[in-house]
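Trainee: Pasting the sequence and the predicted coordinates here, then a few questions.
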Amino acid sequence: MFKRFKMKRKILITGGAGFIGSHVVRLFVNKYPDYLIVNLDKLTYAGNLENLKDVEDKPNYVFIKGDIKDEQLVRNIFEKYDIDGVIHLAAESHVDRSIQNPMEFIYTNVIGTVTLLNAARDYWKDNYQGKVFYQISTDEVYGSLENDDEFFTEQTPYDPRSPYSASKASADHFVRAYHNTYKLPVLISNCSNNYGPNQFPEKLIPLSINNILNFKPIPIYGTGENVRDWLYVEDHAKAIDLIFHKGKIGETYNIGGNNPWRNIDLIKTLCRIMDEELGREPGTSEKLITFVKDREGHDKRYAIDASKIKRELGWEPETDFQTGLRKTVRWYLNNQDWLKNIISGDYLNYYERQYKNRF
Ligand code: NAD
Ligand code: TDX
């Protein structure tokens, strides 16, 4: 424990067992051996420690199973590990679930965020120098665009339209309020739709990959004309690294792939790649496309103007969509056990198998 206090930075990453969080944890643990990375994750259905098998034994990594709403636990973590930076990703993240059960989104995304803000404010209150609370947010807080030539900028007013985006917008407001009121050093980034390895197969791309693999219908909501702006998850993780280290305190940065696609066109492209990768007759997977009832309040179009982060921090996406999509497909095809464990629920026992006896 003594050695840990000598580490250059002590960073609390929340939600590190989830999709994006696991890529951020891996990047930081490997790139910064002189940082201590503390991953706090409740391991909800979306948290999967199999995502982090390759880093779980690293000396600069600690995993703590717990809830960001647990005030005492969060305060203890700040004290015990002398936390000087927070990268906050833990959230309920799926729009359809927020429509079914909004309360969980308010508990975790709003109350959980404020619990973390209070702990950071109180632990750092005598010295904000070198500290940062970094809130990972979404483009969905900006609402929905109508036309192809419109993009969200950092100045676009918040206009959340689903319980999920309303809860994320609320959390972002609290983060800004703590900066204004208590001078807490904060950063916020709002990113577009991520895709890549380890995404839970409830989201459009991994759900479609799994269904194609098993010759099941691919459900397209409404007419399939809704537009999302896609970014490869490792590019998001690199942007987070850059903003955490070089971002200007109090600022917001939009992150996006400059890559808007209509859902139907994206799925047809995915079908072509799947046919090629699986050696199936061209056109086989497209036959699985099935139009279903639209999502309630379905936002029409998201598209991010990421010129500020490019101009000020020099970040640009590195992975073009065709390459990223093929890499993603190959990852799912090469990791079908990961997928099977999720479908069967077996991944939920990983913590018991790997961790319980260690303490
Ligand atoms: P995810 O659902 O895959 O993972 C969320 C993680 O948070 C899981 O590991 C889960 O166990 C954990 N968690 C949930 N509630 C918790 C609680 N109360 N206490 C502790 N841990 C808890 O989500 P994701 O897609 O990786 O998204 C991560 C973050 O990035 C979220 O804040 C999300 O709003 C934001 N974001 C996501 C996208 C995207 O396309 N997926 C885009 C922009 C922003
Ligand atoms: O089965 C489906 N069929 C379908 O047509 C699913 C699951 C989705 N869709 C549509 C809805 C959206 O227009 O595909 C699009 C993408 O849907 P999701 O993968 O559910 O993502 P989205 O609702 O756009 O939100 C995502 O991006 C922003 C993440 O889930 C959020 O956490 C992130 O903030």
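Mentor: Thanks, I have the structure now. All values derive from a computational prediction rather than experimental measurement. Ligands and ions are numbered 1, 2, ... in the order given.
Trainee: My guess is Leu348 contacts Tyr45. True?
Mentor: Yes: checked against CB atoms under 8 Å, the pair Leu348 and Tyr45 is within contact range at 7.5 Å. All C-beta spots, glycine's among them, are computed from the backbone N, C-alpha and C.
Trainee: relative to its centroid, which residue of the chain is most remote?
Mentor: Glu281 (34.8 Å; CA atoms, centre = their mean).
Trainee: Ramachandran coordinates for that residue?
Mentor: The phi and psi values for Glu281, taken as degrees, to the nearest 10, are phi -50, psi 130.
Trainee: how about the helices in the chain?
Mentor: 2-5, 19-31, 71-81, 95-100, 102-105, 113-124, 163-182, 204-213, 233-246, 263-278, 307-313, 321-334, 336-344, 350-354 (DSSP state H).
Trainee: worst average pLDDT in these?
Mentor: Sorting those by mean pLDDT places helix 2-5 lowest, at a mean of 53.
Trainee: residues near the nearest residue to Tyr332 once chain neighbours are set aside, how many?
Mentor: Excluding the flanking residues, the one nearest Tyr332 by CB to CB, 6 or more residues apart in numbering is Ile209, at 4.8 Å. Residues lying near Ile209 (other CB atoms under 10 Å) number 25.
Trainee: Gly314 now?
Mentor: Residues near Gly314, counting by other CB under 10 Å: 9.
Trainee: Which residues are in contact with it?
Mentor: Leu242 (CB atoms under 8 Å, 6 or more residues apart in numbering).
Trainee: repeat that with 10 Å
Mentor: 242, 246 (CB atoms under 10 Å, 6 or more residues apart in numbering).
Trainee: sorry, back to before: with distance to Val38 added, can I get the helices of the chain in a markdown table?
Mentor: Below are these laid out as a markdown table (distance: least, CB to CB, whole Å):
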| stretch | distance to Val38 |
| --- | --- |
| helix 2-5 | 9 |
| helix 19-31 | 10 |
| helix 71-81 | 5 |
| helix 95-100 | 27 |
| helix 102-105 | 24 |
| helix 113-124 | 13 |
| helix 163-182 | 20 |
| helix 204-213 | 28 |
| helix 233-246 | 15 |
| helix 263-278 | 36 |
| helix 307-313 | 25 |
| helix 321-334 | 27 |
| helix 336-344 | 25 |
| helix 350-354 | 16 |
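Trainee: Any idea how many residues pack against whichever residue of the chain sits closest to ligand 2?
Mentor: Residue nearest to ligand 2 within the chain: Thr138 (3.1 Å; CB to the nearest ligand atom). Other residues within reach of Thr138, judged by other CB under 10 Å, total 23.
Trainee: what's the closest non-adjacent residue to Val110?
Mentor: Ser170 (4.8 Å).
Trainee: correct me, but that neighbour touches Asn109?
Mentor: Yes: look at Ser170 against Asn109 with CB atoms under 10 Å: they come within range, at 7.3 Å.
Trainee: Those two: which has the busier surroundings?
Mentor: Set Ser170 next to Asn109 and count neighbours by other CB under 10 Å: Asn109 wins out with 26 against 20.
Trainee: give the contact list for Leu116.
Mentor: With CB under 10 Å, 6+ apart, Leu116 has these contacts: 12, 14, 40, 68-69, 71, 74, 77-78, 86, 88, 90, 133, 135, 171, 174-175.
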